[in-house]
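> Just a sequence and a predicted model for now, questions to come.
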Amino acid sequence: MKRSLLVVILLFICSSVAFAQEDCLAQESCGLSEDEITAYPEPNVTQLYADDELLNDRVYRRMIDVVEVYDAPNGNLVNTFGLGFNFVTVLSTSGEWVEISPGRWVHSSDLSADVAPSRFAGVELPDEPLPYPMGWILVNVYPSETPGGDPSEANPILLRYTTVNLYASVQVGDWIWYQVGVNQWVIQTLIAKMIPVERPADVDTERWVSVDLYEQVAIAYEGETPVFATLVSSGLPAWSTNEGLFRIYVRYPRTVMSGAEGQPDFYYLEEVPWVMYFDDDIALHGTYWHDGFGYRHSHGCVNLSITDAYWLYEWASSEFDFTVSEDLGAAVYVYSSGTYQ
């Protein structure tokens, strides 16, 4: 019975793909023409680029295994870091010893090599709406020639983090396939789509940020106008980021983040940059320890590249009145445009 059902399901999927492919070959509505695509070959956005000075103003290293901390090279034991996802910054070195904070030293063999922060950065948006939706490619991929088809090396490879126009879409089974070029189609699971939203009625700040948990995309707005967009990494299923409307209530250019002490998922992160807390201990912040933007990755916070976190931190500063101690910052609207399957 199970085998028969599986055969029926597979036949249905195959027939759906075949129908979509045949339909695209026969119907003009399948996608845009070469002339239409050539007239607007890429999104009209301003790509930001990583600033080496900003990325490399600290040296980050990960602690390996259990790490003993001393008050000086070959000095007295003062502390022990247990197993966990632990990162520190390097203040100085002396032979095989590394100073991780004033008067706190560990042996260099207990630390990884220098961590290289992600060079990914988002885009500034034009004043006028984009003529086609925009998205980011999430993995290196050869686009298929038709919706539902196999990747085709006849097409140029699209690299991770490439911005693309989404010219048209076709449903194949449970998934949408997007046209990203002439005879180039990519399944939605390999694309993060930027979806601007209407300003929620309760947003009472001129500058505000939307975070789409489904697409893993954040957009910054001035009034009704989106001005910046980028990929993020929100909370994993066990530590999901809460949906709702919030206000940034405190921010730090650098701060320590830690949690789950004594548990298998313990983490300790020194000098997390460009942090803006908006939901209790959940924040928008820069991230130096991974390059997984576009996928859920965190304990609930909204991870950004350092470049993007700095951009948002500076941009959102105008919403703070530093002469008013109880003043709140920009609104943050967290929602899901779809449901994970």
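Alright, I've got the coordinates.
> Run through who's touching the host helix or strand of Asp35.
Element membership of Asp35 [criterion: DSSP states H and E] is helix 34-39. Helix 34-39 is touched from outside by 165, 167, 181-182, with contacts defined as Cβ atoms under 8 Å, 6 or more residues apart in numbering. C-beta coordinates here come from the backbone N, C-alpha and C atoms, glycine included.
> Which residue ranges of this structure form helices?
In the chain, the helices defined using DSSP state H lie at 2-26, 34-39, 52-55, 306-316.
> Return the member of those helices having the minimum mean pLDDT.
When these are compared on average pLDDT, helix 2-26 comes out lowest at a mean of 41.
> Can you tell me which of the contacts of helix 34-39 is closest to Val227?
Nearest to Val227 among the contacts of helix 34-39, counting by Cβ to Cβ, is Asn165 at 19.2 Å.
> For the closest one, which non-adjacent residue is spatially closest?
Tyr132 (4.4 Å; Cβ to Cβ, 6 or more residues apart in numbering).
> Could you check the pLDDT of Cys30?
At Cys30, the model reports a pLDDT of 82.
> Is it in contact with Tyr167, as I believe?
No - Cys30 lies out of contact with Tyr167 (Cβ atoms under 8 Å); the separation is 10.5 Å.
> if we can go back for a sec, and the two most separated of the contacts of helix 34-39?
Farthest-apart pair in the contacts of helix 34-39 is Asn165 and Val182; separation 11.6 Å (Cβ to Cβ).
> number of nearby residues for Ala238?
Residues contacting Ala238 under the criterion other Cβ atoms under 10 Å number 8.
> how close does it get to Glu128?
With distances taken as Cβ to Cβ, to the nearest Å, Ala238 is found 41 Å from Glu128.
> Over to Val88?
As judged by Cβ to Cβ, Val88 and Glu128 stand 46 Å apart.
> circling back: same drill for Asn165 and Val182, tell me which one is more crowded.
It is Asn165, of Asn165 and Val182, that has more neighbours when counted by other Cβ under 10 Å, with 22 against 18.
> for the more buried one, what are its contacts?
Neighbouring residues of Asn165 by Cβ under 8 Å, 6+ apart: 37, 40-43, 132-134, 180.
> now it: how far from Val180?
As judged by Cβ to Cβ, Asn165 and Val180 stand 7 Å apart.
> Please give the centre-to-centre distance between stretch 179-187 and its chain.
With Cα atoms, centre = their mean, to the nearest Å as the basis, stretch 179-187 stands 23 Å off its chain's centre.
> Just the CA coordinates for it, please, in PDB.
These are the backbone C-alpha positions of stretch 179-187, laid out as PDB (Å, rounded to 0.1, in the frame of the first residue of the first chain):
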ATOM      1  CA  GLN A 179      12.700  33.200 -13.900                       C
ATOM      2  CA  VAL A 180      16.100  35.000 -13.300                       C
ATOM      3  CA  GLY A 181      17.200  35.300 -16.900                       C
ATOM      4  CA  VAL A 182      16.700  34.000 -20.500                       C
ATOM      5  CA  ASN A 183      15.900  30.300 -20.200                       C
ATOM      6  CA  GLN A 184      17.100  30.500 -16.500                       C
ATOM      7  CA  TRP A 185      14.800  29.300 -13.700                       C
ATOM      8  CA  VAL A 186      15.700  28.700 -10.100                       C
ATOM      9  CA  ILE A 187      13.500  27.000  -7.400                       C
END
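> Go through it and flag the buried ones.
For stretch 179-187, the neighbour count (16 or more other Cβ atoms under 10 Å) marks 179-187 as buried.
> what's the answer for stretch 122-136, then?
For stretch 122-136, the buried set under the neighbour-count rule, 16+ other Cβ under 10 Å, comprises 122-123, 125, 130, 132-136.
> Dump stretch 294-302 to PDB, restricted to CA.
C-alpha atoms of stretch 294-302 as PDB (Å, rounded to 0.1, in the frame of the first residue of the first chain):
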ATOM      1  CA  GLY A 294      19.700  33.800   4.300                       C
ATOM      2  CA  TYR A 295      19.300  30.800   6.600                       C
ATOM      3  CA  ARG A 296      18.200  30.500  10.200                       C
ATOM      4  CA  HIS A 297      21.200  30.300  12.400                       C
ATOM      5  CA  SER A 298      20.800  32.000  15.800                       C
ATOM      6  CA  HIS A 299      19.500  31.600  19.400                       C
ATOM      7  CA  GLY A 300      16.800  34.200  18.500                       C
ATOM      8  CA  CYS A 301      18.700  37.300  17.500                       C
ATOM      9  CA  VAL A 302      18.600  38.700  14.000                       C
END
